[in-house]
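*Asks:* Provided below for reference: sequence and predicted model.
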Amino acid sequence: MKSAVLEKILSRVDQIEPGEVQALLSRLVREKGFLQKVFEALREGVLLLDEAGQISFINQAACRFFGTTPEQAQGQHLGKIVRGLEWDHLKGSSRSTVSRDLEVFYPENRYLNFYLSPIAEEEDEADYGYVMLVRDVTNVRAEAAEEIESEKLNALTLLAAGVAHEIGNPLNSLSLHLQLLERKVRHLEKSDQQSLGDHLSTARNEIGRLDTILKQFLQAIRPSAPERKPDNLHEILHESLQALRPELESRDISVALDLVDDIPLLELDRTQIQQALYNLIRNAYQAISPPNGEITIRSSSNEYEVTLSISDNGTGMSPEVMGAIFEPFHTTKAAGNGLGLLIVRRIVREHGGELEVQSEEEVGTTVTLFFPRTDKQVRLLEDQAPIEV
Ligand SMILES: Nc1ncnc2c1ncn2[C@@H]1O[C@H](COP(=O)(O)OP(=O)(O)OP(=O)(O)O)[C@@H](O)[C@H]1O
Ligand SMILES: [Mg+2]
């Protein structure tokens, strides 16, 4: 960058007293030092570039974003330090301001938003080069993605209400007519009763299945507020295991428990948590092909949260399946609805918690539920690391 301020002073230097020149110059140096300090203290990246895109200044924050150092970057072309940013393309033909988003992969995957603006304000002003301001918008983007996801769910909720209305009514009427038919069939001859009865019971089963899908779908997405009371998560777990025992025993699956001795009470909706556990334990045993099937359930608790994890030594999931586990109706099972995990996630989130899924193909899967401890109302956050200057 040409020092145009300096040039202006120099052009008028013969009209200025020598003492005044000295004062002006030392002011300039002081101001430069001051600005440099301000730039270094900023969380935003700041780069000064000349007309050709050569970096004349880069602050620490920008160095962190782009994985470089001031020594490496200064005097270099922008495109060399930020691979993929083509200066000529970026600057365009007019001296206008550009704002763009950028994804960087090195030194870590971040989303950045930058703002490139010519320093000169007027067209005819001398060319001072460009200033580039860079902001880290990784978190903002993650929040936006969550928002889109919840909007998608809202749209689904509306759709579900419509579907329930449209399908629920004819289903009821079908069920009534089947009952009437069944009554009439009872007056027929034995042989006719037998064959018609088979058809009727198939139809009844299918109607039942449709009804279950519909109910589960509504349950998956209808935002029903949990009725939470202080409760013991271990107790709910034991009850759920008790209820699932016949299914587990018939598949010869053993369940190992590794639970903390002293689990704090949590604000839980017993029925909903039970349902979440059923879904997770069913998923676990459905992924296991005997023999030697084992499900391990662990719990832990610290000052802020309680975790419960359910691990299986089943098939595990491929990255493709993992990518779609929360999509409604996405299932790899012949008789699955693809709603189980969506329901679990909704329940856990309505308890203020989160869920994490880890899986490796042919090794197994672990689903961990995190519940915030409601007996802790506030939590003092760690001091933020000081900004390196
Ligand atoms: N423990 C697990 N091991 C391997 N794959 C799993 C496991 N849990 C879930 N999955 C995969 O994730 C998919 C979605 O699971 P989800 O529970 O949401 O639906 P589903 O089990 O297919 O149907 P349902 O609605 O009856 O639960 C499953 O089809 C399966 O491919
Ligand atoms: Mg399931």
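*Replies:* Nice, thanks for sending it over. Residues are numbered from 1 along each chain as shown. Ligands and ions are numbered 1, 2, ... in the order given.

*Asks:* how close does N205 sit to T69?
*Replies:* According to CB to CB, to the nearest Å, N205 and T69 sit 70 Å apart. (Glycine included, C-beta is placed from N, CA and C.)

*Asks:* likewise E147?
*Replies:* Using CB to CB, we find E147 at a distance of 37 Å from T69.

*Asks:* quick one, what contacts the residue of the chain found nearest ligand 2?
*Replies:* With CB to the ion as the measure, G340 is the residue of the chain nearest to ligand 2, at 2.7 Å. Taking CB atoms under 8 Å, 6 or more residues apart in numbering, we find G340 in contact with N279, L280, R282, N283.

*Asks:* looks like M132 contacts P118 (just checking).
*Replies:* No. Using CB atoms under 8 Å as the test, M132 is too far from P118 to be in contact (10.8 Å).

*Asks:* ok, the two, which is more surrounded?
*Replies:* Ranked by neighbour count (other CB atoms under 10 Å), M132 and P118 place M132 first, with 23 against 20.

*Asks:* how about that one, secondary structure?
*Replies:* The assignment at M132 comes out as strand when based on DSSP: H, G, I helix; E, B strand; the rest coil.

*Asks:* what residues does the stretch 201-350 of the chain put near ligand 1?
*Replies:* Taking CB under 6 Å from any ligand atom, the part of the stretch 201-350 of the chain that reaches ligand 1 is made up of 279, 283-284, 287, 312, 314-317, 321, 325, 331-333, 336-342.

*Asks:* now for the closest residue to T331 other than its chain neighbours, how many residues are close by?
*Replies:* Using CB to CB, 6 or more residues apart in numbering and skipping the chain neighbours, the partner closest in space to T331 is G338 (3.5 Å). Residues lying near G338 (other CB under 10 Å) number 18.

*Asks:* how is this protein divided into domains?
*Replies:* What automatic domain parsing lists as the domains of the chain is 4-136, 143-221, 229-372.

*Asks:* out of the ones you listed, which one sits most buried?
*Replies:* Of all the domains of the chain, domain 229-372 has the most neighbours on average by mean count of other CB atoms under 10 Å, namely a mean of 17.

*Asks:* distance between that one and the chain's centre?
*Replies:* Centroid displacement of domain 229-372 relative to its chain, using CA atoms, centre = their mean, to the nearest Å, is 20 Å.

*Asks:* quick one: stretch 35-48 to chain centroid distance?
*Replies:* Taking CA atoms, centre = their mean, one finds stretch 35-48 lying 31 Å from the centre of the chain it belongs to.

*Asks:* the residue in the stretch 201-350 of the chain that ligand 1 sits nearest to and V367, how far apart?
*Replies:* Residue of the stretch 201-350 of the chain nearest ligand 1, by CB to the nearest ligand atom: G340 (2.4 Å). In this view, G340 and V367 are 11 Å apart by CB to CB.

*Asks:* which residues are common contacts for the two?
*Replies:* Jointly contacting G340 and V367 under the rule CB under 8 Å, 6+ apart are L280, N283.

*Asks:* tell me which element S56 falls in.
*Replies:* When secondary structure is defined by DSSP states H and E, S56 falls within strand 55-58.
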